[in-house]
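Novice: what shape does this take:
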Amino acid sequence: MTLWGNKDSVYADGTIAVNFSTLKVVGTGTTFNTAGLIKAGDIITCGVGQTYGEAIITAVDSGTQLSIQDTSNFNSGVTTVFAGAVYNITQKPISTLKDSRFDEDEIYGVDTTEQGVANAASGDARKYAPAHAGWVGIQTYIDQHGNLRVKTETLVASSSITGDAADDTQLPDS
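Specialist: Numbers count the residues shown, from 1 in each chain. Next up, the predicted model:
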């Protein structure tokens, strides 16, 4: 299991449910074991709002089932993620799961195209421009004057990020 990979999105077809008791992720409309795309050590991020969380994948059991390490990185009080949940499997750094500086949805795989588009942008879009492509933490907030503020931090510099995740609102490709 590597510390990080280079894929912002490895796989995200279908929907899932997460059973916290058995530490199993059950997919509907999925083919998890197709072509060996998903591997132990990849991160699954799933759910929305109060059921949001992520976990380290420990095994690809079948085309419709994954095993996960634990559920400690889900919002507190969550005991299951019900069927029909959206998800994304990524190779972001495992260390980000315990990083108190960033929430799960504030870590992005930024490829060189996204970085270039952000650097060439103007207005609020330019504020998302990271110093380097790679795994980047991005936090946003509104200051006391009503202005959007964006803080970026390159966690792992890498020019080989591939597999664009659904993050084009913050980091468009064109």
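
Novice: and the gap between the residue nearest to G14 when sequence neighbours are not counted and S174?
Specialist: Spatial nearest neighbour of G14, excluding adjacent residues (CB to CB, 6 or more residues apart in numbering): G29 at 3.0 Å. For glycine as for every other residue, the C-beta is placed from the backbone atoms N, C-alpha and C. Counting by CB to CB, to the nearest Å, the gap from G29 to S174 is 29 Å.

Novice: ok, now S160?
Specialist: For S160 relative to S174 (CB to CB), the value is 20 Å.

Novice: between these two, which has more neighbouring residues?
Specialist: Using other CB atoms under 10 Å as the criterion, S160 and S174 rank with S160 on top: 11 against 7.

Novice: mind checking pLDDT for the residue nearest to G14?
Specialist: pLDDT, G29: 91.

Novice: wait, it touches A12, no?
Specialist: No. With contact defined as CB atoms under 8 Å, G29 does not reach A12; the gap is 10.9 Å.

Novice: ok, those two, which is more surrounded?
Specialist: Each of G29 and A12 has its neighbours counted (other CB under 10 Å); A12 has more, 19 against 9.

Novice: what segments of the protein are strands?
Specialist: 15-19, 24-28, 43-46, 53-62, 65-68, 80-85, 87-90, 107-110, 134-142, 148-157 (DSSP state E).

Novice: winner for burial among these?
Specialist: A comparison of the strands of the chain by mean neighbour count, using mean count of other CB atoms under 10 Å, puts strand 107-110 on top with a mean of 26.
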